[in-house]
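*Asks:* 3D, please:
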Amino acid sequence: MNSEQQTANTNSLTAAKRFFSNNSYISTIINKSVLRLKETFTNEQLEYLFSKITYLNNETDITKVVSEWSNIYINLIKENYQKSYKNYNKKLNTFLNKKDDGVKIIWGDCLKVMNGMLSESIHLMVTSPPYYNAREYSHWNNLNEYLNYMRLIIREAYRVLDNHRVFVFNVGDIFDNDNIATKSTWGKRRIPLGAYFTKIFEEEGFTFVDDFIWDKGEVQSERHKNGNKPFPFYQYPMNCYEHILIFHKHRKDTTRYPCPVCGCLNVNGNAYSEIGLKSWECKNTDCFKRSNANRGKRFSLKTIMTQSRQEKQHAIDADFIKKWRRDIIKINPVIKINSKGENKLGHTAPFPIEIPEMAIKLFSYKNEVVLDPFAGSFTSVIAAKQLERVGVGIELNKSMFEKSIRSNLQNKLKFCNNPKIEELNYE
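*Replies:* Residues are numbered from 1 along each chain as shown. Presented below is the predicted three-dimensional model:
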């Protein structure tokens, strides 16, 4: 260690002594972690960190000290990471961070909106995108143009989604003309959107995890039947399923995190438990939990999150888990046309609430932020509110869907606590 490092570490210890009493457990953590802290933070950041945890001097419950110290440390790491993104919109993030129990509508282009969001500020994303040339509001010149636009959105979604979190993406394969080779009718074919999107997600950093097949039930349409030609090469099945694709985000992060048992930063790198998911092993010989072979606790940022929340309030109902144990699940499509021939939802492509319910229950905790970048009928936002999360939906077509969206939200949320609707027009 050179003289500059010795001076810096001495300064850090001096700063720590100003904040912590010698007999507190938080003081023990800081003293054992000071070298790692100095590697991670500037002196100014250390002063700020110490000021945030001074109250732990008087806490005698070691488990509570470790938990609260870890949360503060992790949040500061995230804040410092978020500061590296300079294009965030202050008005947008003030709107998103506003503490209330309602739901949030953002009117605007989801790509532009996400461009204005802080990095890693969303805990879960769940959506069904506008399908290629399947509705009057979603037309592109060709399939490549559509997929290139979606790639930009997925790339921005990766930045905005919190690390080690999940994007649930519902998409169906379609029968249409990709308009690449020809625009004539013989160019129509089955277009495997699920496969194309999986490739794009992985190229933009996500990891493909699961594909639930949404069985939509018996075929109602007569298309492709060719009943008058019961011969080989004339029979084609009707599409009666969609994909519910599950992607993980694991941005490689080599920041050392506190041992969840003793709280110390005296940890060394361990093997990667998943692609991009760095794990650590505690090297503090005074740690309260060591193996028979004298190995320290092995953990990752993801396990700190998941193992610290294994409490009754976060438990998932056993019947719900059983329902989603199979990766083929039967859900009836949304009936949107009433007996009068009217679209009671005002949107041509709503998806069933069971999909966002699954995503929210399996991949988020209460009070976390759930974003649907293609909110449509705002089913995901409604499910988030009903499950005590913060639902945020982005919708481009305000002039087309505003009335129906307001009506749908009001009807579905009227039995919820504080069904307040917050809105922001994003230019």
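*Asks:* okay, and the residue of the chain positioned farthest from its centre sits in which element?
*Replies:* Distance from the C-alpha centroid of the chain peaks at Asn228, with 49.1 Å (C-alpha atoms, centre = their mean). Using DSSP states H and E, Asn228 maps to neither a helix nor a strand.
*Asks:* distance check, it against Phe175.
*Replies:* As judged by C-beta to C-beta, to the nearest Å, Asn228 and Phe175 stand 20 Å apart. Placement of C-beta: from N, CA and C, glycine included.
*Asks:* can you map out the strands along the stretch 151-300 of the chain?
*Replies:* Along the stretch 151-300 of the chain, the segments classed as strands by DSSP state E, counting those that start in this stretch run 161-171, 174-177, 188-191, 206-215, 241-249, 267-269, 279-282, 298-300.
*Asks:* what would the ones you listed look like in TSV with mean pLDDT, distance to Val381 and mean neighbour count?
*Replies:* Formatted as TSV, these follow (pLDDT from 0 to 100; distance: least, C-beta to C-beta, whole Å; neighbours: other C-beta atoms under 10 Å):
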stretch	mean pLDDT	distance to Val381	mean neighbour count
strand 161-171	98	14	22
strand 174-177	86	25	16
strand 188-191	88	29	14
strand 206-215	96	20	16
strand 241-249	97	18	22
strand 267-269	93	39	15
strand 279-282	95	35	21
strand 298-300	95	31	20
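*Asks:* out of those strands, which is closest to Phe378?
*Replies:* strand 161-171 (14.7 Å; C-beta to C-beta).
*Asks:* next one: the closest one to chain centre, how far?
*Replies:* Average the C-alpha atoms of strand 161-171, do the same for its chain, and the two points are 4 Å apart (C-alpha atoms, centre = their mean, to the nearest Å).
*Asks:* can you check stretch 274-293 too?
*Replies:* Relative to its parent chain, stretch 274-293 has a centroid offset of 27 Å by C-alpha atoms, centre = their mean.
*Asks:* quick one, what contacts Leu396?
*Replies:* Going by C-beta atoms under 8 Å, 6 or more residues apart in numbering, Leu396 touches 107-110.
*Asks:* let me see the ranges of the helices in the stretch 251-400 of the chain.
*Replies:* 301-307, 318-323, 354-363, 379-386, 398-413 (DSSP state H, counting those that start in this stretch).
*Asks:* for those helices, give me TSV that also has mean neighbour count, mean pLDDT and distance to His139.
*Replies:* Formatted as TSV, the helices of the stretch 251-400 of the chain follow (neighbours: other C-beta atoms under 10 Å; pLDDT from 0 to 100; distance: least, C-beta to C-beta, whole Å):
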stretch	mean neighbour count	mean pLDDT	distance to His139
helix 301-307	16	95	40
helix 318-323	10	96	37
helix 354-363	21	97	25
helix 379-386	26	94	23
helix 398-413	17	85	14
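*Asks:* any stretches of the stretch 51-200 of the chain with poor pLDDT?
*Replies:* Along the stretch 51-200 of the chain, the model assigns pLDDT under 70 to residues 134-138.
*Asks:* sec struct for the residue nearest to the spatial centre of the chain, please.
*Replies:* Using C-alpha atoms, centre = their mean, the residue of the chain that lies closest to the mean C-alpha position is Leu124, 2.5 Å off. Secondary structure of Leu124, reduced to three states by DSSP: H, G, I helix; E, B strand; the rest coil: strand.
*Asks:* with that, I have no additional questions.
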